[in-house]
Structure formats: structure tokens, C-alpha cells
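# show me the folded form of this:
(2 chains)
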Number of protein chains: 2
Amino acid sequence: MRAIFIAVGSEMLDLDRVDSNSIYVARRLREKGILMDMKVVVGDHMDNLSWIVKKACQRAQLVVISGGLGPTEDDITREAVATALKKELLFREEIVADLQERFRRRGLAMPEINARQGFVIEGAEVLSNLVGTAPGLYCDDGNCKVLLLPGPPNELLPVFEAAFEKFIAPAANYHIVSRTFKLTGISESEADSRCADVYRKYRNPVTTILASPGMIELHFLGRSKNSDEEARRLTDELAEKVRERLKDFIFAEGDVTLPEVVVAMLRERGLTLAVAESCTGGGLGNLVTSVPGSSQVFLGGVIAYANSVKTGVLGVREETLKRHGAVSEATAAEMAAGARRLTGAAIGLAITGIAGPGGDNPKKPVGLVHMSLSAGDGVRSLRQIFSGSREVIKLRSEFYALNLVREYLNQLPVDGVR
Amino acid sequence: MRAIFIAVGSEMLDLDRVDSNSIYVARRLREKGILMDMKVVVGDHMDNLSWIVKKACQRAQLVVISGGLGPTEDDITREAVATALKKELLFREEIVADLQERFRRRGLAMPEINARQGFVIEGAEVLSNLVGTAPGLYCDDGNCKVLLLPGPPNELLPVFEAAFEKFIAPAANYHIVSRTFKLTGISESEADSRCADVYRKYRNPVTTILASPGMIELHFLGRSKNSDEEARRLTDELAEKVRERLKDFIFAEGDVTLPEVVVAMLRERGLTLAVAESCTGGGLGNLVTSVPGSSQVFLGGVIAYANSVKTGVLGVREETLKRHGAVSEATAAEMAAGARRLTGAAIGLAITGIAGPGGDNPKKPVGLVHMSLSAGDGVRSLRQIFSGSREVIKLRSEFYALNLVREYLNQLPVDGVR
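Below you'll find the predicted structure:
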């Protein structure tokens, strides 16, 4: 079964709102193997809404519509869906009687306007809404199931769940299992070329690669007509083959961030971290401290944007700056050592680079970044040339630097000391 | 002209991502009187995508499509749109040559796979993308304009703007003038209650209030069928009335950020800035250094997450911590003074607070933040209790702290130095 979700409401077209309804419905449907092909946001506009509902019903076997069931003039979903399905709207006295009773119990008279909510699409089942005034509706013309839900998430949820249980889940016919790998320290195209020959052989599971600055996600989605077990076996088979190719770069499975992984690893080993940041200007510390509880392992550090701070606070030698420049392996190493010495942290982590757009020169292009990790047993360095905007170069540097810490900690035993 | 936006990417169907692209495009189109009727999110699936593109082109005069232009197997937008429009895909050698050159400049060989990005829809204009590898495409078959844009927001923006300027804006038929005030140091509900009686009298211009952590935007959008002048007169009339009520909090008009304003003000006055950050963990420095050229006025500072760094590096007195605690006006003041002394900056700016979710206590709740500005002529302090998540509390603190600098610099003459 394939589904299309339609969210109704002009405000969603140009304001910055997360449509949590469609996310929730998509996840619940997927648990029964029903894939959401598409979701649509449409304004409170009769022609547009009935047009898209009609097209969606020709395409999908399930169309879920949220919003526009309220009592006001701009709530047009009932009429628009009736038009799309070529059905009448019938007035049901008992719905209005029920609403009147609910208002009465709160000591209020039902506003005239709520009588509109008594109209029901011919042949539809009414799904009662105990939270708000707008009942849901469900119709099935044999080709397509159409589910109308109230828009506010706290009303949508219980109405959807009731319809899901009664009408949708029994008609579903797939089992689905998904897995996600998160990678860093590798580019999207490099990751793809390392494993494309493996995942391209499979149409089931489906593989998706997502890139964001400094990080890549690989999603696998396996399905089976028979059982959860089969879906899991298919998904695991592919995922493990891909892991074999990319294991050095995978920092997590599922919903965990790289800073969370690094903070947890530091905690498990009883080690502390301090930073020395030039081009990232505090972004690395900001990323680490996005993790609640990071104060247990993160001491702080120095933002050494000006060279005078590199020398005066971190103790980078004038000679090093003169001979190698501020963006160099030698400077990064002295910055990392300085952060460690100054704060007493077990690990010092430094970044120095050219985030652009200014500062370009033939020997040191925009995007050149040196990262360095200083610990009791020595120094590790990494040099990269990142592409992208100033913001993206900063973020990539922060992720690659944190990955240096992850790689370093991976080699150390978990000693259980907090 | 009516528009439909299509975002391509399976991940947007069931992951919790805000589709900022469609919001941005809707706003820009609206400035030219082009209304977005609908937006669609569709997975990386050839049949579904070409189906919806075909239907959208029958319905709208402008179809904007984002995503799926990358080099990998699941990037299918070029093929799907060509199928929908019944056009061929043609290979353009020069696109690939250009990509190869760009990889070469970074010392890399272009991966084989990127050659796919040389395919172009017959008759389409190629829109160059200087940030990423995927060029945009624009076609117009007389009935409908179709614009293909790369998905990552930092790539979409410049490609969209170029196409908007060249192809879309000239075809629009309303006169629209918009103005935007950006405010900080005031909450959304406080700003609204100070000016609602003014703007509610007007249906044209339309007023929209948008809040993000630490900042509020007020948009005014006036329209006229006759002339730009009329639209401007309407917009200015309302905007000036609102400005009268809120002038102390407006830090910019239009597309300028608070860090940009502060960096420009510092530069105009020939002054330098250093930071001392506890709960923001580097976020303040990160925000300041998001501005290109900030290195001319920003020296750096200290991330004093642990108390040992506050005393050991910034010189906060043990006694101050003992008597007043790490989250106090006294500690903030000594941190700001320490940052100034350590770096030699004209202005030291400090933040210390409880970002949560841990650290709550009866006297000092989560969200309590002390900010302090230290300069040659004294100290300014600000105490706030912010609501929101850890991330939001950090961001609000950073904006309010920067606003302290703005208010301080506002009183100083622009001396023309530097």
C-alpha cells in the first residue's frame, strides 16, 4: 500500500513550522510497511485542495489529510474532499447535538458557527475527537482509503490511532526494518564510491545517503511480506557488508551525534578535554557543550583568533609563527599543547585554518585546515582542504577534529573510572 | 503567477527536518507577488517524482524543485524532470571539465561518479553553483517555468537568487515592497503588545512577526497594482509608526545579523573585542566569527567551562566563586575583566549561566544567565532568566550579550579610525 499525506493550512507555506504530524504518521505507517510516497502542504484554498486530493486518490491507496476541519470560514477540507470524490455533504444532527452537550457541560453555549462541523462526506465513518470539536472522517471507495484528521497534533494523534487500529493496520501487508550508520572523516562521494557496488545490487533494502557538513548518514530500509525477522535479516545482511567497507568512519548507529559519542567515550575513560581554536572561533567548544553533562569532561580552552593570543595566552612560539605561519602543523601542535598545559586537561585539541572568504593565497588556499591532538603519549595531526562556505568549512573542521579524539580514544581501554 | 515547490529527498518524509528551502523561496516569491499554492515533499523515486512534476506543470506557472542533483545513484531529479517534460538529457562536456578543474585546484581527482552532473535537460539554461558540484537548471516551455536547484541550503540560495533575478522577478506582475526590522533584547509577546494596536489596523501592508532564539523579526509587506511608489508609501507609513514604539530594540533593517552589526560598529570605532564564556562554551565566539573579516576586531578569548579555568586562566578570585557562585554578577564581571587583561582587547564580554537541563537549584534556576561587559570606562551587567532548551538558552545569552556591546558602542562616537 502506498500513501500520500496532505497538510492543509496557508500558514505552513511561509512560516518556519515543523510539520510534526506527517513525520508521526509516516513513522507509524512504515511500521506496517506502508510507505509514504509524498507529502503535500496546501493553503486553505478550495480549488487547490480538491485538485490535489483528486490527483492523490488516483495515485495512492491511502490519502491522509490533516487540518481544515474547524468551524471557521477558512476550514474547507470537508467540502474540498467531497468535491474531489464526487460525493455529497450530508448534515448529521447527532454530531451537533453531541457538540452542544459538550459545550453545555463546560457551562457554555455552542457558537452558531460550530454547526458546520455537523457536515459529513456521504458514506464516511465519523471518528470522534474527544480533545477538540472537529471529528475525523474516514471513507473508502474501494480504490483509495481517505482519512481526514484534525490539524492540532494533540487532536490528530488519538483520532489517527483509532483509525489506524480499525481500518489501516488490518489492510497492511509489509514488515519493515530500518538501520542508520553515521560517518565522519570521509566525503559523501568517497563513501559512495567505496560501497556503491555493494548496495546497488539490492533493491530491497533501499539505501539512502545523506550528507551534512562534516557528517554523512547511510540509511537502509528493508521490507518483507512475511515477517519482521525476514525484513531484519535482509537489512542486516546489507548493512553488515557496507559496514565492512566503511567501519573506520562509522561513529554511531542510529540517533546519536558525534559530540555525544566523544563526550561518552571521554567519560568512560575518565579523561578531560580542552580546546584551542583559531578559525573555528569557539565553534568546537560550542559543539562539545551542546551535549548535556559535557561539563564532566570538558574544561574549556582558548579562542586564539589573533596571533597575539596564540603566543600570549597559549604559548605558541613567535619563531613557529614566523617560520611556518599561523596555519601550519607546527602551530596547531603548539596550540594543542598550550590548551593542555593551561587547563590541565588530559587531551588538548587545536584547529587553525583559513575559513575564507578572505585570506586566500597561493600556498595556503581557503579551506586549508590543520588540526592537532595533544595527549600524554604524543601528538596526532591532520591536514585537510575543505570546500564550502565559511560556515561549512568551520563545521567540517570541528567534526574532523572531534573525529581525531574519537580515533585516539578508540585505542585506549575503557577503565571504568569516571 | 502561481508557484508549486517540490522538495526531493526520501529523508524529508520521515525524518524531523525543517525544510528551510521552501520557506525561503516562498518569501522571496511573495516579495514579487508570486504566491506559493502548494509545496510537495517526494522521495527519491523516479515514477513519483516525474508524476508530480508533470501534474505541477499542468497546474502552476512556476515549479521550483530542490534536491536530487548530486552525483550519486539516488540523485534522479534531472532524469525525472526530463521524463515529465518529455525532453532528452544531453551531456555537456564543459560542465565536467569545469568540475575536474575545481577538484584539481584542491589537489584532488574528480570521482568518476561526478560525471553524471554533466547531463542537462534539453533546452535548459545551466545555473552555475560555486559552492557545491551540482549546477542548477532552468527551463521554460512557454506555459510553465521550471527551476531545478541543489538541495543544501547554502548551495540553493545563491543559485536561486541568480535565477530569480534573471528569469522570475522580471515576469512578476504585482508591485510589492517589503521592509524588515530585526530586534533583540525583547521577547516576542512584549514586542507584539507594544505595537499590535498599530499594525492590526492595516490589511495592507501585511505584518508578520517571526521569533527565533534571541531575535525577533517584524516583516511588513505592502502591495499595489499601480506602482512601486504606492507600495512603498503604504509600507513606510506603517513601518515608521511601529519603529516609533520599538526603536530601542531594533538593531537592523533588512538582511543583516546582530554579529555583523556589532563587528561593523567595532570597526568604525577602531575597537577590539575579547570574550570569556562559561555556559555558552564557545558559542559567542562562534557567532562573532561567523562574520567574514571579524578578525580585524575580534581577538579571541577564553572558554572557561570549568571553574579551574575561570580562576587559573581568567584570574577570577576563589573568594568571588565561594561567596557569589560561578553564576553571579561578580563572577561575570571578573571574567570580562580577565578576558580584557589577558588579550589586551578594548572590550571584554563575559557570559556565565545555567543552560540546563542539569544544574537547577532553588536560588538559581535553569535559564539564569549573567552577562558582563568590561571596558576602559567601567562595567555593564545584565541578568536574565531565559526559557527554552539548552541550545535556545545558549543562543539567547549570546544575542543579549552582543546587544550589550551594541548599546555600549552606540554611545561612543564613530572616530573614523580604521
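# what kind of secondary structure is the residue nearest in space to the middle of chain A in?
In chain A, the centroid-proximal residue (C-alpha atoms, centre = their mean) is A:Asp255; its distance is 8.6 Å. Here A:Asp255 is recorded as coil under DSSP: H, G, I helix; E, B strand; the rest coil.
# contacting residues for it?
Contact analysis of A:Asp255 by C-beta atoms under 8 Å, 6 or more residues apart in numbering or on different chains lists A:Thr180. Where you see a C-beta, it was placed from the backbone N, CA and C, and this is true even at glycine.
# for it, give its distance to A:Ile216.
15 Å (C-beta to C-beta, to the nearest Å).
# now swap in A:Gly353 and tell me
21 Å.
# same drill for those two, tell me which one is more crowded.
A:Gly353 (27 against 22; other C-beta atoms under 10 Å in any protein chain shown).
# so who does the more buried one touch?
With contacts defined as C-beta under 8 Å, 6+ apart, A:Gly353 is in contact with A:Ser278, A:Cys279, A:Thr280, A:Val327, A:Gly367, A:Leu368, A:Val369, A:His370, A:Phe386, A:Ile393, A:Ser397.
# for the residue nearest to it when sequence neighbours are not counted, name its beta-bridge partners.
Of all residues not flanking A:Gly353 in the chain, A:Val369 sits nearest, at 3.1 Å (C-beta to C-beta, 6 or more residues apart in numbering or on different chains). Judged by DSSP bridges, the bridge partners of A:Val369 are A:Gly353, A:Gln384.
# I'd say A:Val369 and A:Arg383 touch.
Yes. Counting by C-beta atoms under 8 Å, A:Arg383 is a contact partner of A:Val369 at 7.4 Å.
# what helix or strand is A:Val177 on?
Taking DSSP states H and E as the definition, A:Val177 sits inside strand A:175-183.
# for that strand, output the C-alpha coordinates as CSV.
C-alpha atoms of strand A:175-183 as CSV (Å, rounded to 0.1, in the frame of the first residue of the first chain):
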residue,chain,number,x,y,z
HIS,A,175,7.1,-5.7,7.5
ILE,A,176,9.8,-3.1,7.6
VAL,A,177,13.1,-2.8,9.4
SER,A,178,15.5,0.2,9.1
ARG,A,179,19.1,0.9,10.2
THR,A,180,21.3,4.0,10.1
PHE,A,181,25.1,4.5,10.1
LYS,A,182,26.6,7.8,10.9
LEU,A,183,30.0,8.6,9.4
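# ok, and does that strand reach over to chain B?
No. Judged by C-beta under 8 Å from any C-beta of the partner chain, strand A:175-183 and chain B are separated, with a smallest distance of 8.9 Å.
# partner strands of that strand, with direction?
Within its sheet, strand A:175-183 is paired with strand A:215-224 (antiparallel), strand A:250-253 (antiparallel), according to DSSP bridges.
# what mean pLDDT would you report for whatever helix or strand comes next after the last one?
Moving toward the C-terminus from strand A:250-253, the next helix or strand (DSSP H and E) is helix A:258-269. Per-residue pLDDT values over helix A:258-269 give a mean of 97.
# which strands and helices sit next to helix A:258-269?
strand A:250-253, helix A:283-288, helix A:390-410 (3 or more C-beta pairs under 8 Å, 6 or more residues apart in numbering or on different chains; DSSP states H and E).
# quick one, the helix or strand following that helix and helix A:390-410 angle?
For helix A:258-269, the succeeding helix or strand toward the C-terminus, using DSSP H and E, is strand A:273-277. Inter-element angle recorded for strand A:273-277 and helix A:390-410: 150 degrees (by axes from the mean of the first three to the mean of the last three C-alpha atoms, to 10 degrees).
# show me what strand A:273-277 is packed against.
Strand A:273-277 packs on helix A:283-288, strand A:298-304, helix A:329-343, strand A:347-353, going by 3+ C-beta pairs under 8 Å, 6+ apart.
# what's the most buried one of the ones you listed?
strand A:298-304 (a mean of 32; mean count of other C-beta atoms under 10 Å in any protein chain shown).
# run the angle between it and strand A:347-353 for me.
Strand A:298-304 and strand A:347-353 are oriented at 30 degrees to each other (the same axes, to 10 degrees).
# the residue of chain A most remote from its centre: which element?
If you look at how far each residue of chain A sits from its centre, by C-alpha atoms, centre = their mean, the farthest one is A:Glu319, at 46.1 Å. Per DSSP H and E, A:Glu319 falls inside helix A:318-324.
# that helix: which residues count as buried?
A:Thr320, A:Leu321, A:His324 (16 or more other C-beta atoms under 10 Å in any protein chain shown).
# pLDDT of stretch A:132-143, averaged?
90.
# what about it, start to end distance?
30 Å (C-alpha to C-alpha, to the nearest Å).
# can you tell me what sits against it?
A:57, A:61, A:69-71, A:75, A:78, A:81, A:85, A:87, A:95, A:99, A:102, A:114, A:117, A:120-121, A:123-129, A:145-150, A:152, A:155, A:159-160, A:162-163, A:167.
# gap between A:Ala333 and A:Ala350?
Separation of A:Ala333 from A:Ala350 (C-beta to C-beta): 7 Å.
# mind listing the shared neighbours of these two?
A:Ser372, A:Ser374.
# report the distance from stretch A:89-100 to the chain centre.
42 Å (C-alpha atoms, centre = their mean, to the nearest Å).
# now stretch A:402-416
Remark: stretch A:402-416 is offset 26 Å from the chain centroid, using C-alpha atoms, centre = their mean.
# ditto for stretch A:133-146
With C-alpha atoms, centre = their mean, you get 30 Å for stretch A:133-146.
# quick one: the lowest-mean-pLDDT helix or strand in chain A to chain centroid distance?
Here the helix or strand of chain A ranked lowest by mean pLDDT, DSSP states H and E is helix A:11-14, holding a mean of 76. Offset of helix A:11-14 from its chain centre (C-alpha atoms, centre = their mean): 20 Å.
# next secondary structure after it?
Taking DSSP H and E, what comes next after helix A:11-14 is helix A:20-31.
# report the buried residues of that following helix.
Using 16+ other C-beta under 10 Å as the test for burial, helix A:20-31 gives A:Asn21, A:Ser22, A:Ile23, A:Tyr24, A:Val25, A:Ala26, A:Arg28, A:Leu29, A:Arg30, A:Glu31.
# now do the contacts for the nearest residue to A:Ala252 once chain neighbours are set aside.
Using C-beta to C-beta, 6+ apart and skipping residues adjacent in sequence, the residue nearest A:Ala252 is A:Lys182, 4.5 Å away. Contact analysis of A:Lys182 by C-beta under 8 Å, 6+ apart lists A:Met215, A:Ile216, A:Glu217, A:Ile250, A:Phe251, A:Ala252, A:Glu253, A:Val256, A:Leu258.
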